[in-house]
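Structural data only, the sequence is not supplied:
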C-alpha cells in the first residue's frame, strides 16, 4: 500500500502521478515531488503530479516541489503543455516551490482560484485559462533560473503581495508573453 504519511516521486528515474475525472487522493503528512536521494541515497529523478478533470489531492502537511538541485519537480493543474484540461484541485498547508520546482496552470476555466499559501524561489507558469492567485504569496520570491512567474497564455490575476516575508533584495520576476 501507499504510506499516507509521506510520498516521494522521482526516485531512481522519472515519476508521474495523475489524478483526474473526479478521483481523489489524500496524504496525511507531507508530499515531495523531487529527487529523494536525501531520504536514503536511492538515486535521482524527476517528479510530476498532474491534477485535472476535477481530480482532488489533499496533503495534510506541506507539498514540496523541486527541492533538490538538478532534479526538477512539477505540479500541473489541468493538462500537460499544449493540452489544457479542466483543472483539478490541491489542498495543502504550504505549497513550497524549490529552485528546481514549477507550479503550472494549464486549464480551461475562467476564474480558477488557487488559495493555497505559496513559498519558495521556483517558478509559476500560467499557460492557459484564467488563474487567480489569492493565497498568501509573501514567502514566494520567484528568482530561480526557471523563470519566476511566467504568463504565456491566458490570464493570471494576483490578489496578494509577492515576497514581502522573504529575505531577498532581488524581488520577484514576472514575465508576460501572449497573456495578461
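Perfect, I can see it now. Model, not experiment: these values are computed from the prediction.

would residue 50 count as being in a helix?
No - using DSSP: H, G, I helix; E, B strand; the rest coil, the secondary structure at residue 50 is strand, not a helix.

so where's this protein uncertain?
1-45, 69-70, 143-147, 163-173, 175, 179-180 (pLDDT under 70).

One more pass at 90, please.
Counting by pLDDT under 90, the chain shows low-confidence ranges at 1-75, 80-81, 89-102, 119-123, 137-154, 158, 160-180.

how about the helices in it?
Counting by DSSP state H, the chain has no helices to list.

What number of residues are in the vicinity of residue 178?
Neighbour count of residue 178, defined by other Cβ atoms under 10 Å: 9. C-beta: built from backbone N, CA, C; applies to glycine.

I figured it hits residue 128, correct?
No - the pair residue 178 / residue 128 is not scored as a contact, 10.6 Å apart, by Cβ atoms under 8 Å.

Give me the common contacts of these two.
Residues within reach of residue 178 and of residue 128 at once, by Cβ atoms under 8 Å, 6 or more residues apart in numbering, are residue 153.

Can you give me the neighbour number for residue 105?
25.

how many other residues sit next to residue 135?
Residue 135 is flanked by 17 other residues according to other Cβ under 10 Å.

how close does it get to residue 47?
Separation of residue 135 from residue 47 (Cβ to Cβ, to the nearest Å): 22 Å.

and the closest residue in space to residue 140 that isn't next to it in sequence, how many residues sit next to it?
Excluding the flanking residues, the one nearest residue 140 by Cβ to Cβ, 6 or more residues apart in numbering is residue 118, at 4.7 Å. Neighbour count of residue 118, defined by other Cβ under 10 Å: 25.

If anything else comes up later, I'll come back, but that's it for now.
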